[in-house]
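Enquirer: build me a model from this:
(chains A and B)
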Amino acid sequence: GQNIDQPTEMTATEGAIVQINCTYQTSGFNGLFWYQQHAGEAPTFLSYNVLDGLEEKGRFSSFLSRSKGYSYLLLKELQMKDSASYLCAVRDRADYKLSFGAGTTVTVRA
Amino acid sequence: SQTIHQWPATLVQPVGSPLSLECTVEGTSNPNLYWYRQAAGRGLQLLFYSVGIGQISSEVPQNLSASRPQDRQFILSSKKLLLSDSGFYLCAWSSGNEQPQHFGDGTRLSIL
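Expert: Residues are numbered from 1 along each chain as shown, chains lettered A, B, ... in the order given. You can find the predicted model right below:
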């Protein structure tokens, strides 16, 4: 099974940078995903890491360290529309199922 | 391009009534299909997943069931709803085990 931890809430200022950490414990790791979920809406896929290192997609970057069971999502040049919940999900090697963290609610203030 | 449709968007049902939520995917064949539930302030809980027609795996014991009558159709059902069945139900698809999952718009279910 999986045990996934991420902070409940974070607040940042428009234009700033925010880093959302995710730690996990798993019996078999096969990839880590980040999703964005605006209030009342469905999650949308942001990024995927299966190897150690940094994956960059525009203003969003995701980092993975498998040996530490650790990932972070970095949001740069924050915009008001980035206010949302960010979900960390780990895929199991045995059955490919995703286990989700409870999500980190990011509030961007002017 | 692939799209996923889920309906209805909102549903209010009395306790003890039946349930049928439908999800269809377009633009792909033989997708993996998933049903999740998200309770307020909690993570997504996988309820069912399917890797092919008629193949359903259940993750948690409950009074819900799922069926896949066609390749790109996934249905979530219940014969008698409980108050605890309230939540945000999400259907998702992926093109394979190693691919990201993509979610439908969800159904917000309230049980009275």
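Enquirer: which bits of chain B sit near chain A?
Expert: When proximity is defined by Cβ under 8 Å from any Cβ of the partner chain, chain B lies next to chain A at B:41-44, B:46, B:49, B:59, B:90, B:97-98, B:100-106, B:108. Where C-beta positions appear, they are placed from N, C-alpha and C, glycine not excepted.
Enquirer: just the buried ones from those?
Expert: B:43, B:44, B:46, B:49, B:90, B:100, B:101, B:102, B:103, B:104, B:106, B:108 (16 or more other Cβ atoms under 10 Å in any protein chain shown).
Enquirer: just flag the most distant two among these.
Expert: B:100 and B:108 (23.7 Å; Cβ to Cβ).
Enquirer: just want the phi and psi numbers for residue B:84.
Expert: Note on residue B:84: backbone dihedrals following degrees, to the nearest 10 are phi -70, psi -10.
Enquirer: just the ones in strands from the buried ones among the residues of chain B next to chain A, please.
Expert: B:44, B:46, B:49, B:90, B:102, B:103, B:108 (DSSP state E).
Enquirer: any chance of these in a markdown table, with pLDDT too?
Expert: Formatted as a markdown table, those follow (pLDDT from 0 to 100):
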| residue | pLDDT |
| --- | --- |
| B:44 | 93 |
| B:46 | 94 |
| B:49 | 93 |
| B:90 | 97 |
| B:102 | 96 |
| B:103 | 97 |
| B:108 | 95 |
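Enquirer: would CSV of those residues with distance to residue B:12 be doable?
Expert: Formatted as CSV, those follow (distance: Cβ to Cβ, whole Å):
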residue, distance to residue B:12
B:44, 22
B:46, 25
B:49, 27
B:90, 18
B:102, 27
B:103, 22
B:108, 9
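Enquirer: report the central residue of chain B.
Expert: Centroid-nearest residue in chain B: residue B:35, 3.1 Å away (criterion: Cα atoms, centre = their mean).
Enquirer: so which helix or strand takes in it?
Expert: Using DSSP states H and E, residue B:35 falls within strand B:32-38.
Enquirer: show me what contacts residue 66?
Expert: No chain was given, so I picked chain A. Residue A:66 makes contact with A:29, A:51, A:52 under the criterion Cβ atoms under 8 Å, 6 or more residues apart in numbering or on different chains.
Enquirer: if you could check chain B rather than the one you did, that'd help
Expert: Residue B:66 neighbours (Cβ under 8 Å, 6+ apart): B:35, B:47, B:48, B:50, B:56, B:58, B:74, B:75, B:76, B:77.
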